[in-house]
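1. Dropping the sequence and predicted coords here.
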Amino acid sequence: MPRLRGDVDWLIVTETYDAVLIGGGIMSATLGTLLKQLEPDWKIAVFERLSDVAQESSNAWNNAGTGHAALCELNYTPEDGDGRIDPIKAIGINEQFQQSRQLWTSLVERGVLDEPSTFVNPTPHMTFVRGEKDVAFLKKRYETLRDQPLFAGIEYSEDSRVINQWAPLLMHKRLKGEPFAATRVPAGTDVDFGALTRQMFAHLSEQGAEVVVNREVRKLRKQKDGTWKVSYRNSLGHTPGSVNARFVFVGAGGWAIKLLQRSRIPEIKGYGVFPIGGQWLKTTKAELVAQHKAKVYSQASVGAPPMSVPHLDTRVVDGEASLMFGPFATFSPKFLKQGRVTDIIAQVRPSNLWPMLKVAIDNPGLIKYLVSELLKDHGKKVDALRDFMPSARDEDWELLQAGQRAQVMKKDPKKGGVLQFGTEVVSSADGSIAGLLGASPGASTGASIMLGLLRTCFPDRIATWEPTLKELIPTYGETLNTDPAKAEQVVQRTASVLQINA
């Protein structure tokens with residue numbers, strides 16, 4: 001566990017840190033770990049408003065734990081106007097995930113992370129579809145990806161007997177006659193990002209970083225000397241305090257938009273976020289868990305955002321396996337599970353009002369989808385599960401509240417405003433402050449995102465850091481998918497160290 005500082009009288013007024021990281025999630029943990037490996041003598045402080053780290057989006061029960069490598073997610077392989085599958089985005093995401101795997105491998109070898117099974121476990125990634133149209137799409141997707149080095153080993157079948165071997169719960173009591181198909185990649189993973197986050201912060205604390213909980217950052221002000229004054233209050237009371245920082249990272253999930261707005265950097269103008277919550281169906285029933293060893297994704301409903309693609313997943317948290325199905329969208333005006341009901345209104349500025357209104361006008365399908373989701377009771381949610389698992393019984397599953405996701409809304413020169421899925425780093429022109437907006441597949445691609453942030457915010461240091469970065473991530477600055485031999489070598493090596501061999 002991290003050595004957390006949460007005492008009420010911890011107060012630093014004039015201390016200057018090399019880096020202050022706001023938010024105790026996987027992104028701050030990844031960036032802090034990289035910075036400590038690159039600059040061991042830097043003074044680093046982390047502020048988390050809750051009583052522990054990894055309590056919001058990085059908490060294991062607030063996300064699907066999918067090691068997003070585009071192995072099973074259909075939204076990363078769109079179909080163009082001519083009916084061809086475009087693999088570029090899928091390849092890019094897989095490349096990014098391979099960097100995360102390499103970083104975790106190096107951190108295990110350096111003793112930063114614990115036994116790999118405490119945070120990552122081998123879990124095949126599958127896609128399952130029904131109906132002639134989706135079957136045809138999945139087959140084209142398979143034929144496009146099977147020749148890509150990073151997708152080596154992908155399998156395809158329309159045979160119920162084969163799919164039954166892969167995931168019996170998909171086939172048990174399924175009616176005959178409807179076309180269906182599945183793909184499977186044995187080399188997929190299930191990741192406990194909460195455990196990963198806690199282990200990284202624990203090591204940061206051991207190396208002298210201050211990981212301070214129960215501190216809510218309230219203001220960010222640029223000072224004449226170029227540093228940032230980071231003002232906070234104690235979440236348990238109202239004891240104020242402040243520190244100075246040469247560099248600030250805002251990794252506060254949905255609250256990042258609020259803090260970046262308070263920093264008054266012009267780069268944040270035009271941005272807003274739309275919060276979407278979620279729920280899971282969960283079971284720990286041993287006989288069901290034993291029959292399903294995979295993460296199985298399908299097509300999203302019409303109007304549904306990509307983060308709401310339905311999937312039936314194996315989850316391993318604290319060594320205990322369970323199954324989760326969902327997510328089912330919910331709505332709350334809060335930007336975090338433990339946010340404030342005024343969040344969605346408090347973000348409104350003259351610069352982002354029209355882009356946000358335009359998003360609402362242009363996305364009636366999303367609004368309709370959210371309303372339909374909110375009307376589903378427990379029984380209706382289990383009915384949705386039966387599309388995957390025909391034998392599902394209401395009494396075997398319980399509802400679990402997932403995390404809040406703040407989807408990016410931004411200006412667009414042609415449309416006025418667009419709703420953007422994925423993650424986006426917003427940084428000041430001088431690189432002294434940066435923040436992360438958006439959601440999935442952020443955690444899985446965190447290493448790549450933070451490498452990009454380092455290049456943007458520290459252009460004068462990045463050349464000096466590259467030798468160490470190459471030690472941590474051997475393919476830093478390279479691509480794997482264009483070199484089949486290297487791709488196989490890297491994947492096998494990380495799988496061996498992380499103990500995730502298929």
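-> Happy to help now that I have it. Numbering: from 1, shown residues only.

2. any low-confidence regions in the stretch 1-150 of the chain?
-> Confidence mapping of the stretch 1-150 of the chain against pLDDT under 70 gives the ranges 1-14.

3. Which residue ranges of it form strands?
-> In chain order, the stretch 1-150 of the chain shows strands spanning 4-5, 16-17, 19-22, 44-47, 120-122, 125-130, with DSSP state E, counting those that start in this stretch as the criterion.

4. can you put those strands in JSON lines and add distance to Leu31 and mean neighbour count?
-> No exception for glycine: its C-beta is placed from N, CA and C like everyone else's. Rendered in JSON lines, the data for the strands of the stretch 1-150 of the chain read as follows (distance: least, C-beta to C-beta, whole Å; neighbours: other C-beta atoms under 10 Å):
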{"stretch": "strand 4-5", "distance to Leu31": "18", "mean neighbour count": "18"}
{"stretch": "strand 16-17", "distance to Leu31": "14", "mean neighbour count": "18"}
{"stretch": "strand 19-22", "distance to Leu31": "6", "mean neighbour count": "27"}
{"stretch": "strand 44-47", "distance to Leu31": "9", "mean neighbour count": "25"}
{"stretch": "strand 120-122", "distance to Leu31": "20", "mean neighbour count": "23"}
{"stretch": "strand 125-130", "distance to Leu31": "27", "mean neighbour count": "24"}
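
5. Let me have those strands in JSON lines, extended by distance to Met324.
-> As requested, the strands of the stretch 1-150 of the chain are exported to JSON lines (distance: least, C-beta to C-beta, whole Å):
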{"stretch": "strand 4-5", "distance to Met324": "28"}
{"stretch": "strand 16-17", "distance to Met324": "39"}
{"stretch": "strand 19-22", "distance to Met324": "29"}
{"stretch": "strand 44-47", "distance to Met324": "29"}
{"stretch": "strand 120-122", "distance to Met324": "14"}
{"stretch": "strand 125-130", "distance to Met324": "15"}
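
6. From Phe193, how far off is Val212?
-> Look at Val212 and Phe193: by C-beta to C-beta, to the nearest Å, they are 21 Å apart.

7. Ignore what I typed, I meant Asn94.
-> Taking C-beta to C-beta as the measure, Asn94 falls 18 Å from Phe193.

8. do the same with Ile93
-> Here the criterion is C-beta to C-beta. By it, Ile93 lies 16 Å from Phe193.

9. which residues touch stretch 482-501?
-> Outside of stretch 482-501, the residues within contact range by C-beta atoms under 8 Å, 6 or more residues apart in numbering are 98, 101-102, 104-105, 108-109, 116-117, 120-122, 149-150, 152, 187, 189, 474-475, 478, 480-481, 502.

10. in the sheet, who's paired with the closest residue to Val273 other than its chain neighbours?
-> Nearest residue to Val273, sequence neighbours excluded (C-beta to C-beta, 6 or more residues apart in numbering): Ala406, at 3.8 Å. Applying DSSP bridges to Ala406 yields these beta-bridge partners: Pro275.

11. Hmm, Leu436 and Ala406 touching each other?
-> No: distance between Ala406 and Leu436: 10.5 Å, which falls outside the contact criterion (C-beta atoms under 8 Å).

12. which residues do the two both contact?
-> For the pair Ala406 and Leu436, residues contacting each of them under the criterion C-beta under 8 Å, 6+ apart are Ala256.

13. My guess is Ala434 contacts Ala256. True?
-> No: under the criterion of C-beta under 8 Å, Ala434 makes no contact with Ala256, lying 9.8 Å away.

14. okay, and the common contacts of these two?
-> Taking C-beta under 8 Å, 6+ apart as the criterion, Ala434 and Ala256 both touch Val250.

15. lowest-pLDDT helix or strand in this protein?
-> strand 4-5 (a mean of 57; mean pLDDT, DSSP states H and E).

16. Give the burial count for Leu35, as a bare number.
-> 23 (other C-beta atoms under 10 Å).

17. cool, Lys295 as well?
-> Each residue near Lys295 was counted by other C-beta under 10 Å, and the total is 28.

18. Okay, and the beta partners of it?
-> On the basis of DSSP bridges, Lys295 is bridged to His125, Asp313.

19. contacting residues for it?
-> Here Lys295 is in contact with 64, 66, 72, 123-126, 188, 190, 311-314 (criterion: C-beta under 8 Å, 6+ apart).

20. for Val296, same thing?
-> Contacts for Val296 were tallied using C-beta under 8 Å, 6+ apart; they are 72, 126-128, 167, 170, 182, 311-313, 388.

21. Please apply the same query to Asn59.
-> Taking C-beta under 8 Å, 6+ apart as the contact definition, Asn59 lies against 193-194, 403.

22. Hmm, which of these is lowest in pLDDT?
-> By predicted confidence, these are weakest at Gly403, whose pLDDT stands at 88.

23. That one and Thr314, how far apart?
-> 19 Å.

24. Of Val212 and Phe193, give the one with the bigger neighbour count.
-> Remark: of Val212 and Phe193, Phe193 carries more neighbours, 26 against 21, as counted by other C-beta under 10 Å.

25. Could you double-check that that one sits in contact with Ala443?
-> Yes: the pair Phe193 / Ala443 is scored as a contact, 4.9 Å apart, by C-beta under 8 Å.
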